[in-house]
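Participant: coordinates only, sequence not included:
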């Protein structure tokens, strides 16, 4: 009987001891986590920006990232740093990682502009408009004009129609979409094509089917208006072909 009581007390003592060790361990881990999350512990001492760039100002980007650092190695907010990188106009995508013991590596994908947008912005291949302070090192010949929320739609339209125009030896250099939904195209030879807002593909293909006849005229087309049910209207340039 006495032996059973002793065994029972021993088991209870062992459970209490294990519970005490567990609490002490948890408290220790909590204290360690709090220590490591202190911004003064293991401060970030360097930022490396990776990848090659043509237009991005790495110095300005690095300064913006340094300002966004709000903690040490374990406590720094990587999401905040990524957002700081993405706030730079020439940055399309960014990924931030820690490198022990005091370094951050920021892998950046630079914007790749394919066209001018209006007078002060650029358009990338994803149909996104961005406004860098610094213009691209290589001038862009293509231009879009319209509401920014229609940028992706306009790019898709251009890609489809440019292919068709090139099959006929021509090329689009400007795409306009006004607030009424009417499309206009300007070709590299200076001809303006008023497409309208209905049956755009059909109208363009109807024009291209007979465009060779227009090219045989004494004067070059200045403006072609496709907003007619059965045909189109042509305005001619003042000068003759030379």
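Facilitator: That came through fine. In this text the structure is predicted, and so the values were computed from the model without any measurement.

Participant: and for residue 99, the neighbour number?
Facilitator: Residue 99: 11 surrounding residues under other Cβ atoms under 10 Å. All C-beta spots, glycine's among them, are computed from the backbone N, C-alpha and C.

Participant: same check, this time on the one 3 residues further on
Facilitator: The number of residues packed near residue 102 is 13, by other Cβ under 10 Å.

Participant: now do the phi/psi pair for it.
Facilitator: Phi and psi for residue 102, reported as degrees, to the nearest 10, are phi -150, psi 30.

Participant: pretty sure it contacts residue 44?
Facilitator: Yes: counting by Cβ atoms under 8 Å, residue 102 does reach residue 44; the two are 5.9 Å apart.

Participant: spatially central residue in the chain, please.
Facilitator: residue 92 (4.3 Å; Cα atoms, centre = their mean).

Participant: residue contacts, that residue?
Facilitator: Going by Cβ atoms under 8 Å, 6 or more residues apart in numbering, residue 92 touches 109-112, 124.

Participant: are any of the residues you listed buried, and which?
Facilitator: The neighbour-count criterion (16 or more other Cβ atoms under 10 Å) marks 110-111, 124 among the contacts of residue 92 as buried.

Participant: among the contacts of residue 92, which are in strands?
Facilitator: If you go by DSSP state E, the contacts of residue 92 have 109-110, 124 in strands.

Participant: all strands of this protein, in order?
Facilitator: Counting by DSSP E, the strands of the chain are 46-50, 91-99, 103-110, 113-117, 121-124, 129-130, 143-145, 172-177, 183-187, 192-196, 219-225, 233-240.

Participant: in TSV, list those along with mean pLDDT and distance to residue 63.
Facilitator: Converted to TSV, the strands of the chain look like this (pLDDT from 0 to 100; distance: least, Cβ to Cβ, whole Å):
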stretch	mean pLDDT	distance to residue 63
strand 46-50	93	10
strand 91-99	95	14
strand 103-110	95	13
strand 113-117	97	23
strand 121-124	97	23
strand 129-130	96	20
strand 143-145	98	32
strand 172-177	98	37
strand 183-187	98	41
strand 192-196	98	45
strand 219-225	94	50
strand 233-240	85	52
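
Participant: please parse this structure into its domains.
Facilitator: Split into domains by automatic domain parsing, the chain comes to 1-36, 46-110, 115-240.

Participant: give me the residue ranges of this structure where confidence is low.
Facilitator: 1-41, 240-242 (pLDDT under 70).

Participant: ok, which stretches of it are helices?
Facilitator: Using DSSP state H, the helices of the chain run over 2-36, 58-68, 78-86, 151-167, 200-215.

Participant: which one of the ones in strands among the contacts of residue 92 is nearest residue 60?
Facilitator: Among the ones in strands among the contacts of residue 92, residue 110 lies closest to residue 60 (Cβ to Cβ), at 13.4 Å.

Participant: for that closest one, give me its contacts.
Facilitator: Residues near residue 110 by Cβ under 8 Å, 6+ apart: 51, 53-56, 90-92.

Participant: show me what contacts residue 55?
Facilitator: Residues near residue 55 by Cβ under 8 Å, 6+ apart: 90, 110-111, 132, 134, 136-137.

Participant: now it: how far from residue 130?
Facilitator: Counting by Cβ to Cβ, to the nearest Å, the separation of residue 55 from residue 130 is 11 Å.

Participant: overlap in contacts of the two?
Facilitator: Common neighbours of residue 55 and residue 130 (Cβ under 8 Å, 6+ apart) are 90, 111.

Participant: and for residue 123, the neighbour number?
Facilitator: Residue 123 has 27 neighbouring residues, counting by other Cβ under 10 Å.
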